[in-house]
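A.B. asks: any chance you can model this:
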Amino acid sequence: MRLPFLNRKNEQSRLNRALDSQQGVLCCLYGRRRCGKSRLLQEVLSRRKSVYYLADERAQEIQRPAVARAIEALLPGFAEVEYPDWESLLQRWWREAPGGSVLALDEFPYLAKASGELPSLLQKFIDQNRDRGIHLLLCGSSQRMMQGLTLDASAPLYGRAQEVLRIGPLTAGWIGEALSLSQPEQMLQAYAVWGGVPRYWELAADHDSTWDAVEQLVLDPLGVLYEEPRRLLLDDLRETAQATSILSLIGAGCHRLSEIAARLGKPATSLTRPLSRLQELGLIRRELPFGASPRSSRKSLYRIDDPFLAFWFRFVEPNRSRLEAGAVRQVKASIQERFRQHLGVVWEDLVQQCLVHLELGGRQWMPGAHWWGAGLDRRYLEVDVLAESADGKSLLIGEAKLSLRLEELPRVQQQLQEKADRLPFRSRYSQVLARTFPLNELQASQPVAVSASDVFGSLK
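C.D. replies: Numbering: from 1, shown residues only. Here you go, the predicted structure:
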């Protein structure tokens with residue numbers, strides 16, 4: 001099912017503004033696969049004189065005529081000529097294309113890999129033909145290669161791009177509209193599996209339920225998404241074994257660097273670069289306790305920063321032998337029994353994300369964070385959500401609950417206040433605001449409970 005085009009208004013606005021220039025511009029889009037880069041390109045190009053070409057891994061001798069055929073739709077007769085090299089093709093394009101035209105090369109890293117001279121040629125034609133108003137759009141799923149082509153100071157195209165946009169997953173608030181879900185419980189369950197990747201949403205929309213889609217797309221070895229993590233890693237890493245091992249360990253509950261290193265039998269210092277690379281790709285995040293310094297804190301945890309990958313490495317990867325043996329239904333039943341804990345982690349993350357978009361207690365708030373450590377009484381203390389007000393004077397303490405009865409709310413609020421009193425940094429703030437974030441809707445209006453609808457609504 002093809003979903004309606006959702007969000008991306010800021011990205012569309014920036015691209016349209018750049019392409020409205022009277023001078024020729026270069027714009028680059030990159031990001032992990034299936035996040036909607038190609039759809040965004042098509043939306044932007046639909047009202048312009050444009051050529052769109054989706055590259056692949058074929059040899060340049062095959063792709064060059066294919067590019068010429070794509071250009072022929074705008075310049076009749078263009079493909080009737082045989083072009084011996086890219087320079088002759090591009091020279092004619094920049095000579096004959098009407099002003100305001102756009103040449104969009106999707107999955108450009110494939111072309112650049114097959115023809116190493118191509119970035120330098122594009123740089124030459126961009127520099128020589130700015131006054132003609134011919135625009136170039138480059139797009140790619142290999143974040144490593146796209147960053148190298150546009151952000152590396154030694155690259156030919158460095159400094160030429162008017163816009164360099166990283167296209168990531170959509171925020172959780174859009175999944176209800178995409179999959180026609182109205183209840184927060186349904187939305188969280190779907191988001192906890194598919195994350196914010198629009199293509200996963202499209203695939204799921206063709207099935208009767210989230211769990212039916214999980215069985216057919218993710219658990220079945222023939223499913224489209226069964227090997228998805230491997231494909232994602234191959235886009236950006238020359239060697240994927242170490243990254244896969246790290247993600248598997250994090251998915252299994254090893255969140256501390258020392259734990260990961262011990263399980264791999266390697267010194268912790270040898271994992272600094274692999275972990276940093278996975279962070280750069282947006283696949284994992286380093287979580288610090290609220291208020292901790294990224295430079296000095298030794299209490300960091302590593303977590304998979306994408307719900308789909310977290311789901312896959314937590315539930316699918318450990319069961320691959322059973323799945324390959326045909327025990328798909330049995331594995332699905334086992335996952336359903338343990339799924340609630342995964343839901344709780346995802347809900348806590350969404351609550352932390354939403355705070356910067358909500359006004360609570362008449363204040364604006366910074367993004368939320370988890371906190372753990374010794375309280376003032378030296379006993380261990382853990383808090384789901386902490387956030388500082390934008391003016392730095394107030395502290396918000398919160399708890400994310402998958403279910404909560406109305407009569408339990410006073411007890412939960414009292415527990416939050418008691419936790420606040422035990423925080424070692426409580427004295428820095430003139431006021432503490434306690435809020436509960438239940439996924440289920442409470443029957444009566446309660447100012448101390450933030451509704452799940454407000455959480456999802458803010459994440460749009």
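
A.B. asks: which residues touch the worst-scoring helix or strand of the chain on mean pLDDT?
C.D. replies: When each helix and strand of the chain is scored by mean pLDDT, DSSP states H and E, helix 143-150 comes last, with a mean of 84. Helix 143-150 has contacts (CB atoms under 8 Å, 6 or more residues apart in numbering) with 28, 30-32, 108-109, 112-113, 119, 138, 140, 155, 157-158, 160-161, 164, 166, 235-237, 280-281. Placement of C-beta: from N, CA and C, glycine included.

A.B. asks: with just CA atoms, put it into CSV.
C.D. replies: Listed next in CSV are the C-alpha coordinates belonging to helix 143-150 (Å, rounded to 0.1, in the frame of the first residue of the first chain):
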residue,chain,number,x,y,z
GLN,A,143,25.7,7.6,4.7
ARG,A,144,29.5,6.9,4.7
MET,A,145,29.9,7.6,1.0
MET,A,146,27.5,10.5,0.8
GLN,A,147,29.3,12.2,3.8
GLY,A,148,32.6,11.5,2.1
LEU,A,149,31.5,13.0,-1.2
THR,A,150,30.1,16.2,0.3
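
A.B. asks: need the buried ones from the contacts of helix 143-150 selected in PyMOL.
C.D. replies: Filtering the contacts of helix 143-150 down to the buried ones (16 or more other CB atoms under 10 Å) takes a single PyMOL command:
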select buried, resi 28+30+31+32+108+109+112+119+138+140+155+157+160+161+164+166+235+236+237+281
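
A.B. asks: filter the contacts of helix 143-150 down to just the ones in helices.
C.D. replies: Judged by DSSP state H, the contacts of helix 143-150 include Phe108, Pro109, Ala112, Lys113, Pro119, Asp235, Asp236, Glu280 as members of helices.

A.B. asks: I'd assumed Ser120 was in contact with the third one.
C.D. replies: Right, the one you point to is Ala112. No. Using CB atoms under 8 Å, Ala112 is not in contact with Ser120, being 10.2 Å away.

A.B. asks: and Met22, how close does it get to Pro156?
C.D. replies: Rather than Met, residue 22 is Gln. 24 Å (CB to CB, to the nearest Å).

A.B. asks: give me the more crowded residue out of the two.
C.D. replies: Taking neighbours as other CB atoms under 10 Å, Gln22 and Pro156 compare with Pro156 leading, 19 against 11.

A.B. asks: any idea how far that one lies from Leu118?
C.D. replies: Distance from Pro156 to Leu118, by CB to CB: 9 Å.

A.B. asks: what do you get for Val81?
C.D. replies: Taking CB to CB, one finds Val81 at 19 Å from Leu118.

A.B. asks: more crowded one of the two?
C.D. replies: Leu118 (20 against 11).

A.B. asks: from Leu111, how far off is that one?
C.D. replies: When Leu118 is compared with Leu111 (using CB to CB), they lie 6 Å apart.

A.B. asks: next: Leu234.
C.D. replies: For Leu234, the distance to Leu111 - CB to CB - is 18 Å.

A.B. asks: neighbour-wise, which of the two wins?
C.D. replies: Leu111 (25 against 13).

A.B. asks: the nearest residue to that one once chain neighbours are set aside: neighbour count?
C.D. replies: Sequence neighbours aside, Ala55 is the residue nearest to Leu111 in space, at 4.7 Å (criterion: CB to CB, 6 or more residues apart in numbering). Ala55: 20 surrounding residues under other CB under 10 Å.
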